[in-house]
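Undergrad: Fold the following and give me the result.
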Amino acid sequence: MVDIITAAIPVFILLIVIEVVSLWLAPDDEVGYEVRDTVTSLSMGLGSVVVGLFYTSLQHVAYAVLPAHRAGRKALAPSGARRLHLA
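TA: Next up, the predicted model:
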């Protein structure tokens, strides 16, 4: 399945380029973007990606560690011990 965000990135960049070119060709009274606004927007987007990567990696670590931890507990239980099954 196609990830819509990944597919939209080239279109987004193309639209930014078109906007920058149109501002170059515009009369001098058109200001366009300020550098502060651009840096803020890009920082927020990058921060969103970093936080998403952090939580995804945390999930992968949890999925890798928890089954091994659970298997280790079963192995440490005495062989003759009764297990309580609540079902």
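Undergrad: just for this structure, where's the confidence low?
TA: Within the chain, the segments meeting pLDDT under 70 span 30-32, 68-87.
Undergrad: Grab the most central residue of it for me.
TA: Nearest to the mean C-alpha position of the chain, by Cα atoms, centre = their mean, lies Gly52 at 2.8 Å.
Undergrad: Now it: which helix or strand?
TA: Gly52 is part of helix 35-76 when elements are defined by DSSP states H and E.
Undergrad: ok now that helix, how far from the chain's centre?
TA: For helix 35-76, the gap between its own C-alpha mean and the chain's C-alpha mean amounts to 8 Å (Cα atoms, centre = their mean, to the nearest Å).
Undergrad: Which strands or helices does it pack on?
TA: Helix 35-76 sits against no helix or strand, with contacts defined as 3 or more Cβ pairs under 8 Å, 6 or more residues apart in numbering; DSSP states H and E. Every C-beta, even on glycine, is put in place using the N, C-alpha and C of the backbone.
Undergrad: I'd like the distance between the residue nearest to the centre of the chain and Gly45.
TA: 11 Å (Cβ to Cβ, to the nearest Å).
Undergrad: Could you do Ala7 as well?
TA: 17 Å.
Undergrad: and if you look at Val2?
TA: 20 Å.
Undergrad: Among those two, which residue is more densely surrounded?
TA: Ranked by neighbour count (other Cβ atoms under 10 Å), Val2 and Gly45 place Gly45 first, with 10 against 6.
Undergrad: separation between the more buried one and Ile13?
TA: 12 Å.
Undergrad: same thing with Val2?
TA: Here Val2 is placed at a distance of 18 Å from Ile13 (Cβ to Cβ).
Undergrad: ditto for Val39
TA: For Val39, the distance to Ile13 - Cβ to Cβ - is 17 Å.
Undergrad: same deal with Pro67?
TA: Taken as Cβ to Cβ, the span from Pro67 to Ile13 is 41 Å.
Undergrad: now swap in Leu58 and tell me
TA: From Leu58 over to Ile13 the distance is 30 Å, taken as Cβ to Cβ.
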